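**Student:** Quick one: sequence and predicted model below, then my questions.
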Amino acid sequence: MNEHTHEGASKHASIQTYLVIAAILTVVTFLEVATYFMPFFREPTSVGSPLLVPVLSVMAIFKFWLVVGYYMHLSYDKPFYRRVFVSPLLLAIAMVVVVMVFTAMRTVRTFW
């Protein structure tokens, strides 16, 4: 047995898969930057202004899923390890949503 091979080595993705994932991550990163600079999302009077954070959050979560799933090989590991990384992400998302809701409620209350 070669020192660089191990059991389950056939389960891992090919080099082409990693290159495709890298290309997808590059495109999503470009879209994130482009989204931030779009006037639709940046102008306070625009309908898209409140959508900036949720749109960027969805793209960030998608990138997290790709990186953790493929580059950290969690797609091929036991489900326990997937839970170790996904649980804190869900907790962070919940905390951000709560802070956003309370901030929005406080902002609305000051205008009344």
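**Tutor:** It's in.

**Student:** where does this structure have low pLDDT?
**Tutor:** Low-confidence segments of the chain, defined by pLDDT under 70: 1-11, 46-48, 108-112.

**Student:** Please work out how many residues are found near residue 64.
**Tutor:** By the measure other C-beta atoms under 10 Å, the count of residues near residue 64 is 14. C-betas here are computed from N, CA, C, even on glycine.

**Student:** make that residue 15, sorry
**Tutor:** 7.

**Student:** now swap in residue 70 and tell me
**Tutor:** Using other C-beta under 10 Å: residue 70 sits among 20 other residues.

**Student:** cool, and residue 74?
**Tutor:** Quick note: residue 74 (other C-beta under 10 Å) scores 19 neighbours.

**Student:** Centroid-nearest residue for this protein?
**Tutor:** residue 61 (1.7 Å; C-alpha atoms, centre = their mean).

**Student:** elements contacting the helix or strand hosting it?
**Tutor:** Using DSSP states H and E, residue 61 sits within helix 52-66. For helix 52-66, the packing partners by 3 or more C-beta pairs under 8 Å, 6 or more residues apart in numbering; DSSP states H and E come out as helix 15-37, helix 39-42, helix 79-111.

**Student:** angle of the last one against helix 52-66?
**Tutor:** This points to helix 79-111. 170 degrees (axes from the mean of the first three to the mean of the last three C-alpha atoms, to 10 degrees).
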